[in-house]
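Chemist: The sequence isn't on hand, but the structure is:
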């Protein structure tokens with residue numbers, strides 16, 4: 001006999017760990033951040049998958065949790081491989097993310113994160129786009145960091 005689906009079970013499930021969770025532990029090899037980073041590195045290990053993520057983000061049709069993590073990992077990579085800007089703006093953004101400056105009540109403050117990316121990229125982005133599609137602004141940051149070509 002087939003098992004019945006219980007819709008109430010959806011609400012009993014523990015929410016995923018986020019940047020503000022004690023278990024997240026950005027920069028640690030045993031935190032939830034490490035687990036998510038490993039998953040993303042596998043899922044986006046090929047350039048065509050990274051390109052698809054950027055395309056979907058520009059359309060506003062992307063998992064923002066994964067998008068934020070891809071941005072953080074791209075910032076970290078820019079720092080580690082020496083292609084961050086001379087003022088260290090991408091490393092600073094990564095540190096701001098680690099300090100939960102873009103979290104509000106357990107949720108990502110998408111407009112605030114997008115505004116932080118917007119001020120770091122050289123190409124101008126209209127404020128209307130920032131408001132309408134914060135994921136698209138973050139996609140532009142990933143493009144600037146060479147996400148598609150360089151990976152995570």
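Modeler: Okay, I see it. Note that the structure is a prediction, hence the values are computed from the model and not measured.

Chemist: ok, residues contacting the longest helix seen in the chain?
Modeler: Ordering each helix of the chain by length in residues (DSSP state H) puts helix 64-80 first. With contacts defined as C-beta atoms under 8 Å, 6 or more residues apart in numbering, helix 64-80 is touched by 16, 18-19, 26, 33, 36-37, 40-41, 43-44, 53, 57, 84, 88, 90-91, 93-94, 97-98, 102, 108, 110, 113, 117, 135, 138-139, 141-142, 145-147, 150-152. Where you see a C-beta, it was placed from the backbone N, CA and C, and this is true even at glycine.

Chemist: Buried among those? Make that a ChimeraX selection.
Modeler: Buried residues among the contacts of helix 64-80 (16 or more other C-beta atoms under 10 Å), as a ChimeraX selection:
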select :18,19,26,33,36,37,40,44,53,57,84,90,91,93,94,97,98,102,108,110,113,117,135,138,139,141,142,145,147,151,152
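
Chemist: In strands only, show me the contacts of helix 64-80.
Modeler: Applying DSSP state E to the contacts of helix 64-80, the entries found in strands are residue 108.

Chemist: Quick check: the gap between residue 146 and residue 105.
Modeler: 33 Å (C-beta to C-beta, to the nearest Å).

Chemist: Tell me where the chain is predicted with low confidence.
Modeler: By pLDDT under 70, the low-scoring segments of the chain are 1-16.

Chemist: how about the helices in it?
Modeler: Taking DSSP H as the test, the helices found in the chain are 8-12, 32-43, 47-58, 64-80, 89-98, 110-118, 127-132, 134-144, 147-150.

Chemist: Now for the residue lying closest to residue 149 once chain neighbours are set aside: which residues touch it?
Modeler: Setting aside the residues directly before and after it, residue 149 is nearest to residue 47 in space (C-beta to C-beta, 6 or more residues apart in numbering), at 6.8 Å. Residues in contact with residue 47 (C-beta under 8 Å, 6+ apart) are 148-149, 151.

Chemist: quick one: residue 47 from residue 138, how far?
Modeler: Residue 47 is 18 Å from residue 138, by C-beta to C-beta.

Chemist: same thing with residue 122?
Modeler: Taken as C-beta to C-beta, the span from residue 122 to residue 138 is 16 Å.
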